[in-house]
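*Asks:* please find the sequence and the predicted model below.
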Amino acid sequence: EATKMAEVDPRDPFGHIAHEFKCIDANGDGFLSEDELFSGLQERCWGQDELSGLFEKLDTNKDGKISLEEFIEGISGGAMSKKLSAESKNSLGMPLAGFGCYQLSEEQAESAVCEALKAGFRHIDSAEAYQNETGVGKGIKASGVPREEIFITTKVMPGYAAWNMPEKGYDETIAACKKSLEQLQIDYCDLYLIHAPLASTRVDIWKACVELKRQGLAKHIGVSNYLPEHFAEIKEAGLEQPEANQIEMHPLCQQKELSKFMTQSGIVPIAYSSLATMSSWRAEADQGGDKTASLKEECQKVQKEVSDRIGKPEAAMLLRWGLQMGYAVLTKSVNPERIKANLDIFTFEIPESDMAALAVCDKQTPVAWTAAGFDGGVQNVSVAVTAKAAE
């Protein structure tokens, strides 16, 4: 099909660039018009100053269109080197580096969030299910950073019968959002997500999200861990489509097919568990990292090689990899020095040859929810929930 996006060939050092070309080539004719180039790069958060004169630079044969060869030459030669910074944002206005709050106590959340904001983070990722939003709110207040400078995400836990957690409906979702806002000590959130498609009532939950946006309690609304079939449910219900999807994404689980779908659908991608392939990930007692250690050994060898080649810590390299794949990324630490180090991902780039080396690691193997007891990932659980509801 002319509009189908090509797979990235991990043996091709320019495969990632070719993939971007295919995504931007809206009409699939094998060339980029000026409109396609500008529209595609604006979706990737390029500013007008960066776009000025770019088409002319890339159109080296001056035929009024850009071929794949011109595109690759321009990128690999530095003509399109994207200048990302800690202030870079996606189309939602979300800073690309976020600070996550999972598995933090109330006290840890308060101190870590405060430290993160003082270090320069301006994107905080929270959730009802983390049970620490009071601490997160205190940390935001203690930082002294004005509310309007911070992008705050929170999530509603939809309920899950296997955990004896009642499924929420419309009214319960409205109430959950208001409770989160109260605990976070804010009047609105910048992004409100359904945490996972675990409830058979998820369309009603989404209706509530649409209403929360209408009321101004959420600037943007989206989902997490959703697959194309879950988006189809929303479309079939005639409802506004989610603006974002937060998913597990790292070299071992690169979500290529889902990423294609989101790009085609205009859904903003956000990555969580970007550091899941590290040996130190969730290594403390009862955090679950030991359940997935054997899955990651081969990938860790490649990561270390890339990290050594570019002279950057493995964590920074993995976060930068997520940025170069087009995602906003989330990180977390309670150590002030590590918090600062995790924001240092805008001063270097991973060469295309190393991006290709990391592409080989992909086995579409989720580990985050496996560590939490969901063998095979949360999406498999959602399939079972849907099947049971249909009985």
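*Replies:* Yep, that arrived.

*Asks:* mind listing the helices for the stretch 201-350 of the chain?
*Replies:* With DSSP state H, counting those that start in this stretch as the criterion, the stretch 201-350 of the chain has helices at 202-214, 228-236, 256-265, 297-310, 314-324, 336-341.

*Asks:* so which of those is the most surrounded?
*Replies:* Most buried of the helices of the stretch 201-350 of the chain, by mean neighbour count (mean count of other CB atoms under 10 Å): helix 314-324, with a mean of 23. Every residue, glycine included, has its C-beta placed from N, CA and C.

*Asks:* distance from it to the middle of the chain?
*Replies:* Using CA atoms, centre = their mean, to the nearest Å, the mean C-alpha position of helix 314-324 is found 12 Å from that of the whole chain.

*Asks:* who does that helix touch, helix- and strand-wise?
*Replies:* Judged by 3 or more CB pairs under 8 Å, 6 or more residues apart in numbering; DSSP states H and E, helix 314-324 is in contact with helix 297-310, strand 328-331, helix 352-359.

*Asks:* identify each buried residue in the last one, please.
*Replies:* Buried positions in helix 352-359, judged by neighbour count with 16 or more other CB atoms under 10 Å: 352, 354-359.

*Asks:* go on, stretch 135-144?
*Replies:* 135-141, 143.

*Asks:* okay if I get the helices of the stretch 201-350 of the chain as JSON lines plus distance to T365 and mean pLDDT?
*Replies:* Output for the helices of the stretch 201-350 of the chain, formatted as JSON lines (distance: least, CB to CB, whole Å; pLDDT from 0 to 100):
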{"stretch": "helix 202-214", "distance to T365": "25", "mean pLDDT": "98"}
{"stretch": "helix 228-236", "distance to T365": "19", "mean pLDDT": "96"}
{"stretch": "helix 256-265", "distance to T365": "13", "mean pLDDT": "87"}
{"stretch": "helix 297-310", "distance to T365": "9", "mean pLDDT": "93"}
{"stretch": "helix 314-324", "distance to T365": "15", "mean pLDDT": "94"}
{"stretch": "helix 336-341", "distance to T365": "26", "mean pLDDT": "93"}
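
*Asks:* tabulate those (CSV), appending distance to S52.
*Replies:* Shown next, in CSV, are the helices of the stretch 201-350 of the chain (distance: least, CB to CB, whole Å):
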stretch, distance to S52
helix 202-214, 34
helix 228-236, 35
helix 256-265, 25
helix 297-310, 30
helix 314-324, 23
helix 336-341, 34
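
*Asks:* select, out of the ones you listed, the one closest to F99.
*Replies:* Nearest to F99, of all those, is helix 336-341, at 7.5 Å by CB to CB.

*Asks:* contacts for the closest one, please.
*Replies:* Defining contact as CB atoms under 8 Å, 6 or more residues apart in numbering, one finds that helix 336-341 is touched by 99, 112, 115-116, 119-121, 313, 315-316, 333.
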